[in-house]
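Enquirer: Structure of the sequence below:
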Amino acid sequence: MSREKQKGRTMVEMLGVLAIVAVLAVGIIAIYNMAMGRLRINQTIDLVQNLVYDLRTANMVRGHYYGTGKGETVNTYADYQVYLAKKKVIPRLLCSGDKTGGEDTECKILTHPLGGELRISPTEEGKAQVGSDNPEASKQTVAITLLNLNRSACVYIATADWSTGGGTSDTVQSIKVGNAATEITEYPADIADVVGDCTGKDVSIVFTLRSLKLSK
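Expert: Have a look, this model is predicted:
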């Protein structure tokens, strides 16, 4: 009497199927994470472009940026951010500090889409020249700083074409990556020029805006 053929799958076959499914799942998750990472990078670039446009638009009539005119004093970047939020120059959506005290505490900390901190402040050069009679006082300006960037995000953002889009044309004066000795003034930057400065887990990029013509 012949033996009936064995039906069903063996344990080895089941383990093989599970292994294939696991590999596919890991691949799909990796692709998803890459796509989400790129999306957040693009959102961060858009955010900086919008901030540049909003800061310049809000201050164009005044002839200088908030915090850089005569009689205006800003002690810290946190105070400056609160000031800008109250003036409706920056959206409350960026504010991520203590939610119990309104703009006065919430907007002392701003975040960008990549999860790190974002800071807006008059540059040291601009603050030093407030009220000065020196012709160089026309250099009073503002900086936007992205903190806590990983290497890939840093490289991608630093090599974006900051001369076009979002109102940034002729508005971003320079970009400083990490501890670089020099600033980027021509866009898009070459990857070879920034990759070394983007080394590390928590790199920063500082965007210095072009000054506005000071009103008399």
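Enquirer: distance between the top helix by length along the chain and the chain's centre?
Expert: Secondary structure of the chain per DSSP state H: the longest helix is helix 11-60. How far helix 11-60 lies from its chain's middle: 16 Å, per Cα atoms, centre = their mean, to the nearest Å.
Enquirer: How about the contacts made by the closest residue to residue 148 other than its chain neighbours?
Expert: Setting aside the residues directly before and after it, residue 148 is nearest to residue 116 in space (Cβ to Cβ, 6 or more residues apart in numbering), at 2.8 Å. The C-beta positions use only the backbone N, C-alpha and C, and glycine is treated the same way. Neighbouring residues of residue 116 by Cβ atoms under 8 Å, 6 or more residues apart in numbering: 146, 147, 148, 149, 202.
Enquirer: so, if you compare those residues, which one comes nearest to residue 74?
Expert: Taking Cβ to Cβ as the measure, residue 74 lies nearest residue 147 of the contacts of residue 116, at 18.9 Å.
Enquirer: What does the pLDDT read for the residue nearest to residue 148?
Expert: What the model reports as pLDDT for residue 116 is 94.
Enquirer: picking that back up, next SSE after the longest helix of the chain?
Expert: helix 77-86 (DSSP states H and E).
Enquirer: Can you give the distance of that following helix from its chain's centre?
Expert: 17 Å.
Enquirer: do stretch 110-126 as well
Expert: 8 Å.
Enquirer: Lowest mean pLDDT among the helices and strands of this structure, which one is it?
Expert: Between all helices and strands in the chain, the lowest mean by mean pLDDT, DSSP states H and E belongs to helix 124-128, at a mean of 48.
Enquirer: circling back: quick one: the residue nearest to residue 148 from residue 14, how far?
Expert: 44 Å (Cβ to Cβ, to the nearest Å).
Enquirer: partners of the one helix or strand residue 120 maps to in the sheet?
Expert: In this structure, residue 120 sits in strand 117-122 according to DSSP H and E. Using DSSP bridges, strand 117-122 pairs in its sheet with strand 110-111 (antiparallel), strand 142-149 (antiparallel).
Enquirer: Skipping adjacent residues, who's closest to the most centrally placed residue in the chain in space?
Expert: For the chain, residue 146 is the residue whose C-alpha lies nearest the centre (Cα atoms, centre = their mean; 4.2 Å). Nearest residue to residue 146, sequence neighbours excluded (Cβ to Cβ, 6+ apart): residue 205, at 4.8 Å.
Enquirer: Show me what that neighbour is bridged to.
Expert: Beta-bridge partners, per DSSP bridges, of residue 205: residue 146, residue 177.
Enquirer: Contacts only, for it.
Expert: Contacts of residue 205 by Cβ under 8 Å, 6+ apart are 145, 146, 149, 154, 157, 158, 175, 176, 177, 178.
Enquirer: measure it to residue 190 for me?
Expert: In terms of Cβ to Cβ, residue 205 sits 16 Å off from residue 190.
Enquirer: Could you export stretch 69-89 as CSV, CA atoms only?
Expert: The C-alpha trace of stretch 69-89 is given here as CSV (Å, rounded to 0.1, in the frame of the first residue of the first chain):
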residue,chain,number,x,y,z
GLY,A,69,17.1,100.2,15.3
LYS,A,70,17.8,103.1,17.5
GLY,A,71,16.3,102.6,21.0
GLU,A,72,15.6,98.9,20.4
THR,A,73,17.4,96.5,22.7
VAL,A,74,17.2,92.8,22.7
ASN,A,75,18.9,90.9,25.5
THR,A,76,18.7,87.3,24.2
TYR,A,77,17.5,85.5,21.1
ALA,A,78,14.6,84.1,23.2
ASP,A,79,13.4,87.6,24.0
TYR,A,80,13.7,88.5,20.3
GLN,A,81,11.6,85.5,19.3
VAL,A,82,8.9,86.4,21.7
TYR,A,83,9.0,90.0,20.3
LEU,A,84,8.6,88.7,16.7
ALA,A,85,5.7,86.4,17.7
LYS,A,86,3.9,89.2,19.4
LYS,A,87,4.4,91.3,16.2
LYS,A,88,3.0,88.4,14.2
VAL,A,89,6.2,88.2,12.2
